[in-house]
Each structure stands twice: as structure tokens, then as C-alpha cells.
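>>> no FASTA, just this:
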């Protein structure tokens, strides 16, 4: 979408040069809403269909240098990540994504082509999730802030975190530890070939939406969450909500693809798999006696008690990400 | 909600001291969702009822020092303002607010009692709008950023900006220019008695939700918007969307209550009324031949043509607020 006029005598054309209303027009140009969006951008509010008479809603905010870095990710990747992590929350309720709204804060000096990339990435991931972007807001902010709200249609009942029962199996769809491995590589300044796949996974998570949405028998799922803070942290929420304990089998969860990356970085790949955030895999419990469906692998079991265990023992460190820890 | 333990040896207890999950628990403690929210905070997503089979959605982001100042407003006022401006967008579609989700970015050093105040103000305004808060997200950010998404039930058809027709009357419900007058007083360092009412209006807008939601005959409204950027700017959106012109009668729109404030500040009160933002009054057009309903006052008319006029002439300045203008 870059145009000759996007380069001015004083450098790239900025959102200040363009102005709020022309920017919004540019962000929406050529985009067409999918089925669920009855009224898209351009009025005080959008109108979205809710064929089930109810809808699922989740919201997440991403802040520059806290959730993404401009020297590590292209704008398309940042936009895709913002949509993916919200879509994953909706799918983790067993709902099909229908629409997103996006509030964007950015400095006045942001090049308009940067915003083009961000919006392209958002739309690409929204389409991958089967949905579209229904509207938004653009304001001025000292750094980039992206706040996405995602909507979905529950298909039958919503799948909660509270339904796990003693004897259920624990299974996962999607990759674990890849995002943490990618961040470790980038932090170490290693962005060479052996790290390409994990770095790509860190830049844009790929939640396996279809593993949930195409389940042959969704009623076998007793509880589900997406893995955003770390497998152990997120499973601890299921354990607490359900009043049960969860025991993970470290051999079942290990990912051989991470071994060479971990060796090169002198890191423990099991730590990435168990406590690394942002992969947005899905972790679920299935009724006792069932097998993990296609696309899922069994990694543990639900037992009586409380808390999360690995091979029967407590994990001796933090279970995952905490928003207010770490330096500036 | 302040507790003895909110003061520590090193000063007020902060969100870093409390941690993300305890903070979220504290934000939700003692809050109970209203009818429309089927599943509130605590899972991957909330579930909200949509009895009409569709819902209205709007999102707005507020950034510290751009949309509010900590030395001008208490946290309760900032929270109420964030909800009010989003609720006004939903009501401007002719929809009844049902739920809000809130994403909050704040520094790790933010006192937990500040967050208490913010959340109290949000809930108070959500209740005033007849709705509740269904969920949210809390992340770390260099300054306060509040992103609210509001939902509503359309009652009958959604009222768009595009329905104004030549001959319609233009009417307003709510105050105009008060927020701009209050900001002018605060900017001048005048926060004394004569300015108390306009300063209060600047700190917390009071959209007259009931003037819309209790209309005896909603079908007489042909187009509607909330006044967020300035009356002329917002009416220009109606004019453009509807393919008509709008002419405002300056005598009808003038507010005598602003005269002493304007005199004390050597300002033009008509400028505040016509181009001041953030009052979140409602501006609407009603079918030709109807009278302004109770709670509304006629301020002009719709004519053939394009653009917005005051007493038949173009307004010689900016029509309202623009997000990317102004200094840092």
C-alpha cells in the first residue's frame, strides 16, 4: 500500500502529517468485513451478529518494549501477534472468532507505512482465525500500545477452566517453549539460521485454532485454556478453578526440536516448555477413558489434590510470566 | 477498600508489591455483574448475552497526559470518564449499554489504592449506564493507558450517522462547552469556586443516557452521534455520511451559564460550545415536522448541500479535536 507520497522532503510521511481521520480512512481502505460484522468502521460503534444469542469476549493490551520490540519484529508480525493472542483466548472457550476491535496508541512521528504493516498483519491473522476487524480507535501515545478486544460465537456451551475432574487426561495442541526459545536467541543476539524457526515463533505465535474448532467430539473436553503465561502457570489456573491437581509427564511434553537450540544457548529446554509464555497453544483436559483427539497429544493427568506437578514433584521455580515483575 | 496493609515501610503498597493475579482478584472483589453478563472475570474470556441476536461495540483508548492528567483528576474521575465516553458511543447508536471490558496499562509503582479508585469510578459509571464490567487485562506500561470496549443491545434498528435528510431538525441533549471551559480554567490555574461546575464537567462527562434510552418515539430520530470531538466536527460527520448540510443557530446553542466563566478567562464561550470536545452530549436529527422531544433542544436544521454552517456561514477555525495535533 506504500505510495510515492509516503516519502516527504523531511522523511517518511507520519501519522501527524496524515491526520487522524485520513489515517483511519487509510487503515480501512480496501478491507471488507466477513459475515458476522453487520456494520463495520465509520459510525459511533460497530454492529456484530450473535447468532447464538450470546457472545464470548476477551481483551488484551500489548505495550512496546514490554510485549514486543521494534528492533525484533516487523509491524506485520506485531499486528499478527496482537490478534493471535486475543483469538486464542476466544478459541480457548470453545468459541469461533467472529470479530475484533483494535485501539491503537502511537507517537505522532510514526510512519504511516508502519501503521499499514501493523494493520496488514492484523487482518491476515484475523482471516486465519475466520474473522474480521469491525472497528477501532487511534490516539496519540508516547510509545506504541495496541489493545485488542476479540469476540466469538460459542458453539454449544462455553468451555471453562473449572470442569477438570480426577482421572481426566491432560492434552495439548500446538507448540510449547518455542516462543521462549526464540526470545532467548534474540536476547543473546543470535538470530542466525539454527534459530530461525523459534525466532519466527516468538515473533508471531500460531495458535492451532482448527485443533479446537474442528474437534470431532467437543463434548469430551472438560476444561481448556490457552497457554499464554506458561504451561504450568496456565494449568495451575485449571487446577485451582476445578479443585484438582494436575501432573505433567516431562517425557511427554519434551520437544526434541528445541534440543539443538537449547544446547547452542546453554539453556534448559524443559524450562522453556513448562514455563515459557506466548506460544498460545491450547491445553485441555478430556474425560477419563477418552484418547487425545487428532492434533492433540497427551501430556499428563488430573488427580485429586491441589496444584501442578511435574513427574509427581513440585516445579522448583516460577511457573510462568508475571506482568509486574522484571526491570524497566 | 483501603486497608492498613496498603501502607508499607517503603511507602504505599504498589501493584508490583501485590502482583498481577492478586491485583486482578482485588479489582473484582465484591463486584457483581448485572443481567447481561453470563460469565464475568476469571476465565479466558467473558460471556455476554445478546438477546437481539446482534450487539453494538465501540472502543476508545485514554492515555495519561493526553486524555487526562493525574494532577487534575482523581482516579475515580478518570475511571468514570473512561467508561462514560465509551457508553456514549453505544447509546449514540440507540443501543442500551450491557457490558464493558477494560484493558489497563500502568507502571509497576502505581499504588494499589489508585487502582481501587479507578475501578470504583468505572463501576459507578457502568451502573449509571445500566451495565457492568465483564472482564479485562492488566499489563505494565510506562504511563497509565486505559482501553475500554463497550457493548450494547440495539433496541430495534441501530441509529446511524447517515440518515439525516433535508428539512430535518437538529437537536441536542446534554451540555456543550462545559468540558472545554473546565479545561480552560484548569489550564489557567483557576480552580476556584466560580469554575467548580465546569471543572467537574471536564473531569467527568455526564452523558444524558436516559434522554436517548427513554425517548417516547425513537423512530423519529433519523441520525445521531455523541459529541466527543466538538459539536461542529461531529455534526460534519453526520452531514458527510448523510450527503446533506447542517446549519446551527448560534443563539439556540449558546449557554448563559458559561458567560461568567468565559468573561473571567477572557475567552469566547461560543467557541467552547461549538468546537469543545469531551462533553459527550448527544446530537441528533429528527424527521422534518417533529418537535424536539423532552430533554432535547432544537439548535439548527438540515439543508441540501454539504458541510456545517453557523448562522449560514462557515466557522472560521478548526471544527474540533484532532488526535495527532498539538505538542508533546
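Thanks, I have it. Quick caveat, the model's predicted, so the values are computed rather than measured.

>>> list the neighbouring strands of the lengthiest strand in chain A plus their orientation.
Identified as the longest strand of chain A according to DSSP state E is strand A:95-106. Strand pairing for strand A:95-106, using DSSP bridges, gives strand A:132-140 (parallel), strand A:145-154 (antiparallel).

>>> those strands: which one's closest to residue B:167?
strand A:132-140 (30.7 Å; C-beta to C-beta). Glycine gets a C-beta too; all of them are placed from N, C-alpha and C.

>>> quick one: the closest one to chain centroid distance?
A distance of 19 Å separates the centroid of the chain from that of strand A:132-140, by C-alpha atoms, centre = their mean, to the nearest Å.

>>> list the buried ones in it?
Within strand A:132-140, the residues that count as buried by 16 or more other C-beta atoms under 10 Å in any protein chain shown are A:132-140.

>>> enumerate the residues of the stretch 201-328 of chain A near chain B.
Proximity of the stretch 201-328 of chain A to chain B is confined to A:224-226, A:241, A:322-325 under the rule C-beta under 8 Å from any C-beta of the partner chain.

>>> how does it look with 6 Å?
By the rule C-beta under 6 Å from any C-beta of the partner chain, the part of the stretch 201-328 of chain A lying against chain B is A:225, A:322-324.

>>> between those, which is closest to residue B:147?
Using C-beta to C-beta, residue A:323 comes nearest to residue B:147 of these, at 15.2 Å.

>>> dump the strands paired with strand A:95-106 to a markdown table, plus distance to residue A:276.
Formatted as a markdown table, these follow (distance: least, C-beta to C-beta, whole Å):
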| stretch | distance to residue A:276 |
| --- | --- |
| strand A:132-140 | 29 |
| strand A:145-154 | 22 |
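
>>> dump these into JSON lines; add mean pLDDT as well.
Below are these laid out as JSON lines (pLDDT from 0 to 100):
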{"stretch": "strand A:132-140", "mean pLDDT": "94"}
{"stretch": "strand A:145-154", "mean pLDDT": "96"}
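
>>> wait, which of the ones you listed is closest to residue B:6?
Closest approach to residue B:6 among the strands paired with strand A:95-106 is made by strand A:145-154 (27.6 Å; C-beta to C-beta).

>>> got the contact list for the following helix or strand past that closest one?
Per DSSP states H and E, the first helix or strand lying C-terminal to strand A:145-154 is strand A:169-173. Residues from elsewhere that reach strand A:169-173 (C-beta atoms under 6 Å, 6 or more residues apart in numbering or on different chains): A:208, A:211, A:246, A:281-286, A:292, A:295-296, A:298-301.

>>> packing partners for the least confident helix or strand in chain A by mean pLDDT?
Every helix and strand in chain A was compared by mean pLDDT, DSSP states H and E; the lowest is strand A:7-8, with a mean of 82. Applying 3 or more C-beta pairs under 6 Å, 6 or more residues apart in numbering or on different chains; DSSP states H and E, we find strand A:7-8 packed against no helix or strand.

>>> ok, it: who's next to it in the sheet?
Here, using DSSP bridges, strand A:7-8 pairs with strand A:11-12 (antiparallel).

>>> and the very next helix or strand once past the strand it pairs with, what's its mean pLDDT?
Going down the chain from strand A:11-12, the next helix or strand is helix A:15-18, by DSSP H and E. The predicted model gives helix A:15-18 an average pLDDT of 92.
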